[in-house]
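A.B. asks: Quick one: sequence and predicted model below, then my questions.
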Number of protein chains: 2
Amino acid sequence: MQSFQELIAQFTKYFDQLQFPAEPSSLYKAAGHILEMGGKRIRPVLCLMGNELFDTLHPDAFQAGSAIELFHNFTLIHDDIMDKAPLRRGKPTVHTVYGDTAAILSGDVMLINVYERLNKVNTNYQKKLTTVFNKAAIEVCEGQQLDMDFEHLDPEAVDYHSYVNMIGLKTSVLLAASLQMGAIIGGASEGNQEHLYAFGKNIGIAFQIQDDFLDAFGDPEKFGKQQGGDILANKKTFLLLKAFERSNDAQKAELRELLDSAPADKVERVLAIFRDCKLDEWAEVEKERFTALAFENLEKIAVLSNRKEPLKELANYLLNRQQ
Amino acid sequence: MQSFQELIAQFTKYFDQLQFPAEPSSLYKAAGHILEMGGKRIRPVLCLMGNELFDTLHPDAFQAGSAIELFHNFTLIHDDIMDKAPLRRGKPTVHTVYGDTAAILSGDVMLINVYERLNKVNTNYQKKLTTVFNKAAIEVCEGQQLDMDFEHLDPEAVDYHSYVNMIGLKTSVLLAASLQMGAIIGGASEGNQEHLYAFGKNIGIAFQIQDDFLDAFGDPEKFGKQQGGDILANKKTFLLLKAFERSNDAQKAELRELLDSAPADKVERVLAIFRDCKLDEWAEVEKERFTALAFENLEKIAVLSNRKEPLKELANYLLNRQQ
C-alpha cells in the first residue's frame, strides 16, 4: 500500500513519458500544450488507489489511469473553447495559442487516444472497464451541456437538486468512475465497486461545495485565487442558488440588481447577503453532509480497514480537513 | 451474398432505430440533427460487405458499422464548425441551428457512443477491431488538420504527393478500415485483410479524383451541384495542384490572379486553363490508375471470385463506370 503522494509521483513519472507523434505538428503541439500545463493527476491516482484497495498494483491501472487523464484533458480543451476562456492555470489556453480548429481536433484526437489506452487492458475486464468509463464520459458531456444551459437561465429558475445533479455529472462521476475502474482491475466484487463509486461521487460534490465556499469566503493568499472570482463572473454556484432560496425579498432584489451590474463593491455586497443568509455556515454543513455520506460508503467496502487509510488521507487532503 | 443496394437497405433499417436519450435535449437534438440528414451509409455497408466476402453476415458487422457511421457523422459536425459551413446536403448545419457549444459537445458524445458500440462486439476480435478503427480515426483527424494547414498555403507550395497523402487520410482510410473491420468479423487472414484495406484506400482516392473532376467538368444537371463550386471557393483540389505543375508562366500568373479575385468569368477562365493543360484527360488517367490498383488488390484476395462481385459492383457504381 502506498500513500496518495507516492502514487502521484509514480503516475506522473509514467504519464510524462507519453509522447504524441511529431506530425502534423499543428495538431500534436496543441495536444501537448495542455499536458505540459501539468495538474495534480488526481483522477488517475484514484484509479491506482482503487486497484490497490483490493490487490497489488497492476500495470493496467496505469493504462486506465492514462486514459482517464487524457479524457480529463480533452474535456479541458473543449470546455475552454466553449467558455471562451483565455487562461488556464495562469497560462494561455490551447485555442488561444493554436486557434479553434487545432483545439477542437487535438481534443478529438486525444479522445481517440483514450480508447487506444483502454484497448490495451486485459481482455477479461476490458468490456466492463470500458462500460464504466463510457457511462462517466457521456455523463461528463451531459453535465457540461446542462451547465451551458443553466448559464442562460435566471438563477432563480435553477432548482437546487438540478444543480447538484449537474455538478455531479460535470465533476464527480469521473472521480467515481476512476475509483471503480481501479477496483475492477483489482478484482473487486460488484458490491464493493458500487460502494467505492458512491464514495467518489460524494467526495466530488463535497469538494465542489468547498471550492465554491473558498472562492467566496476563503483567504485569497492561501487559496491562490482572487476572492469572489465566481461572484464577479456571475457564475452559478451552490452559494448563489442557495442565496436565492434563503434570501428575503429585499435581498433578492439587491442580488438581482448586482447580477445585472458591476459596481466596484459588487463582491462585498454579494458576500454581505451570503453572510446574512448564513451561507458560510450552511456550506460547511452541506460539505460535511456529503463527506459523511462518502465515508459511510467507504466503511461498507469489505476490505480490512487499514487498506482504506490512503483513501481517507486523500479525501481529508482534498477536503482540507484537519483529520 | 447480397448486393450493396440490399445491404444499404438492411443497414439503414437497423441504423434508423438508433435513439439518443431525450435529455439534455439541447445536446441530443443536435446529435440527432445530423443523423436525420441521412446519407448513403456507404462506410457501414463496406463493413457489412467486408464481412460477407469471407463469411455469412454477423450481427457484429452491424454494431461495427453503426460505430463507423456515428464516427463519420461526428467528423461532419466538427468539420462543419471548423469550415464555418452554413449548409450540408442543403440543410443548415448542426452548429448553425444549435450553436458551437452544442455542436462540439454533441460531436464529442457521438464519438463516445462510437466506442460504446465497439465495446459490444465479440471479445475474440474486439482488440483487433478497435486497433484498426483507432488507427483510421486518428488518421482522419490528422488528414483534417493537414487540410486546414494546406488552406493557408499557396497552392504552389503544396506538393502533389503531400496532397494525395492528405486526401487519403481525410477520405480514404475510413473506407479502407470499414472493409477491413468487416473482414476481421468475417474471420479473414491478415493478408486478405491488407489486400481489402488497400482496395478500399485506392477506391477512395479514385473517388476523390472523380469528385474533383465532376465539380469542374461534370454536367451540373446530372451531378446535382453548381459547376465550378470548388473553383469559386478557391479549394485546393487535385486539378488545381496539377494545374500549377503543368501550366506555363503566363497560365500560372493568370491562375494566381484568378485565385486572388472573383471576376464573373472566373470559372470559365480557370476551366480554360485546366483544359489547356489537358487536366480533363489527366484526371481520367489518374482515376483509372488508382482504380486499377484497387482492382489488383481485390484480385489478390484469396476467396472465390464470385464473392467479389458485389464489391466490384459497388466500386463501379461509386466510380460511375460503365463496367
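C.D. replies: Arrived safely, thanks for sending.

A.B. asks: and the strand or helix carrying residue A:109, average pLDDT?
C.D. replies: Using DSSP states H and E, residue A:109 falls within helix A:94-118. For helix A:94-118, mean pLDDT is 97.

A.B. asks: How about it, which residues are buried there?
C.D. replies: For helix A:94-118, burial by neighbour count (16 or more other CB atoms under 10 Å in any protein chain shown) applies to A:94-96, A:98, A:101-118. For every residue, glycine as well, the C-beta is placed using N, CA and C.

A.B. asks: Okay, now the unreliable bits of chain A?
C.D. replies: Low-confidence segments of chain A (pLDDT under 70): A:223-225, A:321-323.

A.B. asks: Close to chain B: what parts of it are there?
C.D. replies: A:23-24, A:26-27, A:78, A:81-82, A:100-102, A:104-105, A:107-109, A:111-113, A:115-116, A:119, A:123, A:126-127, A:130-131, A:134, A:137-138, A:141-142, A:144-146, A:148-149 (CB under 8 Å from any CB of the partner chain).

A.B. asks: Now do the contacts for the closest residue to residue A:156 other than its chain neighbours.
C.D. replies: Residue nearest to residue A:156 in three dimensions, not counting chain neighbours: residue A:244, with 4.9 Å by CB to CB, 6 or more residues apart in numbering or on different chains. Taking CB atoms under 8 Å, 6 or more residues apart in numbering or on different chains as the contact definition, residue A:244 lies against A:155-156, A:252, A:255.

A.B. asks: which element is residue A:244 on?
C.D. replies: helix A:238-246.

A.B. asks: Quick one: distance of that helix to the chain centre.
C.D. replies: Centre-to-centre, helix A:238-246 and its host chain are 21 Å apart (CA atoms, centre = their mean, to the nearest Å).

A.B. asks: Which strands and helices lie in contact with the following helix or strand past that helix?
C.D. replies: Using DSSP H and E, the helix or strand that follows helix A:238-246 towards the C-terminus is helix A:249-259. Packing partners of helix A:249-259 (3 or more CB pairs under 8 Å, 6 or more residues apart in numbering or on different chains; DSSP states H and E): helix A:238-246, helix A:266-276.

A.B. asks: For the first one, buried residues please.
C.D. replies: Spelled out, that is helix A:238-246. Buried residues in helix A:238-246 (16+ other CB under 10 Å): A:238-244, A:246.

A.B. asks: got it, and the longest one?
C.D. replies: Within helix A:266-276, the residues that qualify as buried are A:266-267, A:269-271, A:273-274, counting by 16+ other CB under 10 Å.

A.B. asks: Residue A:208 versus residue A:143, what's the distance?
C.D. replies: According to CB to CB, to the nearest Å, residue A:143 stands 11 Å off from residue A:208.

A.B. asks: intersection of neighbour lists for the two?
C.D. replies: Shared contacts of residue A:143 and residue A:208, counting by CB under 8 Å, 6+ apart, come down to A:167, A:171.

A.B. asks: What is the nearest of the buried residues of helix A:238-246 to residue A:320?
C.D. replies: Taking CB to CB as the measure, residue A:238 is the one of the buried residues of helix A:238-246 closest to residue A:320, at 16.0 Å.

A.B. asks: Return the residues in contact with the closest residue to the closest one other than its chain neighbours.
C.D. replies: Among residues not flanking residue A:238 along the chain, residue A:212 sits closest, at 4.7 Å (CB to CB, 6+ apart). Residue A:212 makes contact with A:230, A:237-239, A:283, according to CB under 8 Å, 6+ apart.

A.B. asks: Let's see that with 7 Å instead.
C.D. replies: Contact analysis of residue A:212 by CB atoms under 7 Å, 6 or more residues apart in numbering or on different chains lists A:230, A:237-239.

A.B. asks: just to revisit the earlier point, okay if I get the buried residues of helix A:238-246 as CSV plus distance to residue A:52?
C.D. replies: Below are those laid out as CSV (distance: CB to CB, whole Å):
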residue, distance to residue A:52
A:238, 32
A:239, 36
A:240, 39
A:241, 37
A:242, 37
A:243, 42
A:244, 43
A:246, 43
